[in-house]
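Colleague: let's see this in three dimensions:
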Amino acid sequence: MLFIKIIIAVLITCLLAYLIIKYLPLKLRWVASISLLLLAIFLGSEIYGSIMKPIHFNTNKKVIYAKVIQRLKVIRDAEIAHKEVTGNYTKDLQGLAQFIDTAQLAITDTKTVVVKINKGTRWQPIMVDVEKRVTDTIGYKPVLSRFTGRNYQDMFKVPGTDKTFSVELGKIEKIPGLEVPVFEVKITKTDVLVGLDPYLISQELEAITNDQIKGAFISVGSLNEVTTGGNWLPFYDKADNAKKNNQ
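Modeller: Presented below is the predicted three-dimensional model:
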């Protein structure tokens, strides 16, 4: 688009210059000079705007994405806690907020103990010491303790919009005969970039490079692999990592 605008500007300027030299009387050329100056200012501002538009878009996009990703992180942590307590993920995000308010997480202690195991037969026992990992529940703590200072009550709302996140659940066969639950929470980029340049939004939906959030969605989790990670860049985790390092 910018290249086309530059070509058009050059062609218009050359055409006007030719017409002035060829047909305009000498005494009126001062009018043409002012007109050309105004045209140059206009075309310059248009070219400048074309250069700055994607820069402003990327700046605004990152601010918007950061807010959305922060909320997706809250949902992810809530889903992980829900699975720890119940064994499954949930599609009910409003119910998930209530879960955070009321549920308890088990505090466990894992230690190694030595037990005797018979490696022989019932009639000729051969007792051997074998180390075994034993996990005991030693108490409970509220799930809410993981969400101090985090707005989990509104986690299902997409920031800056009237939309809610889409949640899907599934199961994946991790190894033959063993299925594990998975989840995916997502929102389309179109829904969160409302108000920005439509042409640049259409390009953003087709992002495929490693310095962009690929595809048409911002998401966490997956229905195709066992993961609780998001599809965003490490850039969006810097603030959280710095906060953890300072604690």
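Colleague: so how far is residue 164 from residue 94?
Modeller: Using C-beta to C-beta, to the nearest Å, residue 94 is found at 9 Å from residue 164. (Each C-beta comes from the backbone N, C-alpha and C, glycine too.)
Colleague: shared neighbours of those two, anything?
Modeller: Any residue near both residue 94 and residue 164 by C-beta atoms under 8 Å, 6 or more residues apart in numbering counts here, and that gives residue 156.
Colleague: what segments of the protein are strands?
Modeller: Residue ranges of the strands in the chain, as given by DSSP state E, are 104-118, 127-142, 166-175, 178-188, 217-221.
Colleague: could you list every helix and strand that the shortest one packs against?
Modeller: With contacts defined as 3 or more C-beta pairs under 8 Å, 6 or more residues apart in numbering; DSSP states H and E, strand 217-221 has these neighbours: helix 29-86, strand 178-188, helix 189-192.
Colleague: ok, now with 7 Å
Modeller: Other elements packing on strand 217-221 under the criterion 3 or more C-beta pairs under 7 Å, 6 or more residues apart in numbering; DSSP states H and E are helix 29-86, strand 178-188.
Colleague: please apply the same query to the third one.
Modeller: Packing contacts for strand 166-175, counted by 3+ C-beta pairs under 7 Å, 6+ apart, involve strand 178-188.
Colleague: now do the contacts for residue 217.
Modeller: With contact taken as C-beta atoms under 7 Å, 6 or more residues apart in numbering, residue 217 is in contact with 186, 187, 188, 189.
Colleague: off-centre distance for stretch 86-98?
Modeller: 21 Å (C-alpha atoms, centre = their mean, to the nearest Å).
Colleague: list the buried ones in stretch 177-187?
Modeller: 182, 183, 184, 185, 186, 187 (16 or more other C-beta atoms under 10 Å).
Colleague: circling back to that earlier point, and among the strands of the chain, the most buried is which?
Modeller: Burial of the strands of the chain is given as mean neighbour count (mean count of other C-beta atoms under 10 Å); strand 217-221 ranks first at a mean of 23.
Colleague: what angle separates that strand from strand 166-175?
Modeller: 50 degrees (axes from the mean of the first three to the mean of the last three C-alpha atoms, to 10 degrees).
Colleague: how far does strand 217-221 sit from the chain's center?
Modeller: 6 Å.
Colleague: mean confidence for it?
Modeller: Here strand 217-221 scores 96 as its mean pLDDT.
Colleague: show me where this protein dips below the pLDDT cut-off.
Modeller: Flagging of the chain using pLDDT under 70 yields the residue ranges 1-10, 12-33, 35-36, 241-247.
Colleague: hmm, try it at 80
Modeller: Across the chain, the ranges flagged by pLDDT under 80 are 1-51, 107-109, 120, 122, 134-137, 139, 239-247.
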